[in-house]
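>>> show me how the following folds:
(2 chains)
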There are 2 protein chains.
Amino acid sequence: MPVETLRWTDGGLELIDQTKLPGELTYLTCRTPEDVHDALRRLVVRGAPAIGVASAYGLLLGLKDKRELPKADFAAALGETAEYLKTARPTAVNLFWAIDRMLAAAEAAGELEAPGLYAVLESEADAICEEDRESCRLLGRFGAELLKDGDTVLTHCNAGALATVDYGTALGVVYAAVESGKQISVYADETRPLLQGARLTAWELGESGVPVTLICDDMVATSMAQGRIDAVVVGADRIAANGDTANKIGTLGVAILAQYYLVPFYIAAPLSTVDFGAATGESIPIEERSPDEVRGFGGQATAPDGVDVYNPAFDVTPAHMINAIITDRGVARPPLEESLAALGKEDG
Amino acid sequence: MPVETLRWTDGGLELIDQTKLPGELTYLTCRTPEDVHDALRRLVVRGAPAIGVASAYGLLLGLKDKRELPKADFAAALGETAEYLKTARPTAVNLFWAIDRMLAAAEAAGELEAPGLYAVLESEADAICEEDRESCRLLGRFGAELLKDGDTVLTHCNAGALATVDYGTALGVVYAAVESGKQISVYADETRPLLQGARLTAWELGESGVPVTLICDDMVATSMAQGRIDAVVVGADRIAANGDTANKIGTLGVAILAQYYLVPFYIAAPLSTVDFGAATGESIPIEERSPDEVRGFGGQATAPDGVDVYNPAFDVTPAHMINAIITDRGVARPPLEESLAALGKEDG
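Prediction:
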């Protein structure tokens, strides 16, 4: 039922321009790695899984017209484009994961010439894309078990179809619960400064026919106090080995409120979001973005010119506040360090 | 150092039009009770103490051209205008308190004819106004004792000069601490949906030369986690006898986060904000405002057309989360029910 966020065509990588939502549903075509880099920076495409898939195709865009080159030149272009794309966003691990996976595929096919290597890379990108579709659906079915008929789920930011290829992680859980016959409604908080909750989550749930109520970020506490929320489900940009989770700024506050009001707090993310190289959340780099995002919205100033701003794009929720991490390989329960490691091992 | 939010002149009640800030500093002149009612509804003037003062003068505006009437007609106009003005905003107790005080002054001067009654009412409104100036300064000095040199104070919404006649309650504490020689900086969260933190608090602190950093509401948790906040000081719209405090939506969430991170959480409000008739926060009516406030900002849509919205304007912070209530009669410490009652008794 949800929307198709990105698609790979002969013309390039087509992306829903999420900066235009909810006013306008238009696709933007990226034809070069620079186009993809810019789309990632400007959040035309966002959400950790979608960032991974878009960057894999972005790599291909840098190699498309290099297929006739000698193998060494092709390999050099591959390395340069990979390094360049990795500079687009620092926090989402899926960006690095997808590009490293593309490089590993090229490495494994080392005996091939450029045209053969390109073909291998294209099928690897397609595989990453296809696996995202599949992993969202798997994750959704695992997560749906945690929701009861009649539940109201609070979500922060957008971890929906628009954050993946076409189904979503946190909202994938909602979609899967609805598909299994449960009545689920959603409270979406608006998620300042970029309002992904208001602009994207409220829009995509509306398109999908799931009842949604929009609140401001500072209305979460009173909504929980009044018993309006049965569970919180959010996505993740990077999960440390111990379960500490970096996600959109504001997630930490929601987690503390959920803990206070005894509302279960769930993370929904494919296992590829777990960075087993990061022992705890402390080693996850947090992107800071432009003060102008906080000083206004849509060209409208909402604060005095030049006022000092602190604008971290993500925060880290400690593992002990998380009741479960819902992955495409199963549900990790506390102690998260052990259960994530076990899922990682099964995954090979 | 701060601004003058309202002034009573021969032409009427002049109010800074706070809907135009921070872009434009203009005064709007109210000439009738309807003008004042509309200014209260549209938040041209807001903040519990300023609402009280504005409504007292609003009552005068309804009587200005009735001074030649027979006493009974004057009294009828007084009663009708009072009832009408009380419908402007339901939560701030100062509205009811100021109007009831005006009615009591008229009652006490019952033997006078209309011109004499009008004069009594005008001097009562002036007294309410003058007492607000004074009580903010008293409150500020009591509260300044709670801040240490070098502290960074988080405040939510605007309980500054713009919420009173000219000095502020929560920001009065900051101004008084600065005047006493302490270095104080402020984190202002923007306070959706109407952005009083971004538009008003950041503006007025900037005008006053107090260092201010603007954050979004969903950045409070991470700011506290990083040790950026030493104390929280906010205002109040109505305080129940047990200390439960209704204040701008979002205050409750900030209080829970402060409790979690062991940051002291203070309410700053004149004793007239305490509603000794309300035993607990449960009996405080909470205003719900238009969904359009949440669906956009400044004419810019930020959410899908017609999306369902929950938009409570206030929330109630339980007394047990409050480290102290700073009043113009002294600082009430837990147990708040007893200490507020003691201050109330001293106040007569």
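
>>> which parts of the stretch 101-250 of chain A sit against chain B?
A:156, A:187, A:189-193, A:195, A:198-199, A:202-203, A:206, A:211-223, A:225, A:228, A:249-250 (C-beta under 8 Å from any C-beta of the partner chain). For every residue, glycine as well, the C-beta is placed using N, CA and C.

>>> quick one, which of these are buried?
Using 16 or more other C-beta atoms under 10 Å in any protein chain shown as the burial test, those include A:156, A:187, A:189-193, A:195, A:198-199, A:202-203, A:206, A:212-223, A:225, A:228, A:249-250 as buried.

>>> and the next helix or strand past the lengthiest helix in chain A?
In chain A, taking DSSP state H as the definition, the longest helix is helix A:114-144. From helix A:114-144 onward toward the C-terminus, using DSSP states H and E, the following helix or strand is strand A:152-155.

>>> what helices or strands is that next one leaning on?
Helices and strands touching strand A:152-155, by 3 or more C-beta pairs under 8 Å, 6 or more residues apart in numbering or on different chains; DSSP states H and E, are helix A:170-179, strand A:185-189, helix A:220-225, strand A:231-234.

>>> direction included, what does that strand pair up with?
Looking at strand A:152-155 with DSSP bridges, its partner strands are strand A:185-189 (parallel), strand A:231-234 (parallel).

>>> which stretch among these comes nearest A:L61?
Set against A:L61 and scored by C-beta to C-beta, the strands paired with strand A:152-155 come closest in strand A:231-234, at 31.0 Å.

>>> so for the helix or strand that that closest one is followed by, mean pLDDT?
Sequence-wise, the next helix or strand downstream of strand A:231-234 (DSSP H and E) is strand A:238-240. Averaged over strand A:238-240, pLDDT sits at 96.

>>> chain center to strand A:238-240, what's the gap?
With C-alpha atoms, centre = their mean, to the nearest Å as the basis, strand A:238-240 stands 12 Å off its chain's centre.

>>> that one - which strands sit beside it in the sheet, and in what orientation?
Counting by DSSP bridges, strand A:238-240 is paired with strand A:245-248 (antiparallel), strand A:274-275 (parallel).

>>> helix or strand right after the first one?
On the C-terminal side of strand A:245-248, the closest following helix or strand by DSSP H and E is helix A:251-260.

>>> quick check, that following helix touching chain B?
Yes - Helix A:251-260 reaches chain B (C-beta under 8 Å from any C-beta) through A:L252, A:G253, A:I256, A:L257, A:Y260.

>>> let's see that helix as CSV, backbone CA atoms only.
What follows is helix A:251-260 as a C-alpha-only set of coordinates in CSV (Å, rounded to 0.1, in the frame of the first residue of the first chain):
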residue,chain,number,x,y,z
THR,A,251,14.2,10.3,20.1
LEU,A,252,16.0,10.3,23.4
GLY,A,253,13.4,12.6,25.0
VAL,A,254,10.6,10.4,23.8
ALA,A,255,12.4,7.4,25.2
ILE,A,256,12.7,9.0,28.6
LEU,A,257,9.1,10.0,28.6
ALA,A,258,8.1,6.5,27.6
GLN,A,259,10.1,5.0,30.4
TYR,A,260,8.5,7.5,32.8
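
>>> between it and helix B:251-260, how big is the angle?
If you take axes from the mean of the first three to the mean of the last three C-alpha atoms, to 10 degrees, helix A:251-260 sits at 80 degrees to helix B:251-260.

>>> got the contact list for helix A:251-260?
Helix A:251-260 has contacts (C-beta atoms under 8 Å, 6 or more residues apart in numbering or on different chains) with A:154, A:156-157, A:189, A:217, A:220-221, A:224, A:229, A:232, A:234, A:245, A:263-265, A:314-317, A:321-322, B:218, B:220-222, B:225, B:253, B:256-257, B:260.

>>> now the helices for the stretch 1-150 of chain A?
A:33-41, A:48-61, A:71-85, A:93-108, A:114-144 (DSSP state H, counting those that start in this stretch).

>>> and the angle from the first one to helix A:48-61?
Between helix A:33-41 and helix A:48-61, the angle comes out at 170 degrees (the same axes, to 10 degrees).

>>> got it, and the third one?
Note on geometry: by the same axes, to 10 degrees, helix A:71-85 and helix A:48-61 are set 150 degrees apart in direction.

>>> do the same with the fourth one
Between the axes of helix A:93-108 and helix A:48-61, defined by the same axes, to 10 degrees, the angle is 40 degrees.
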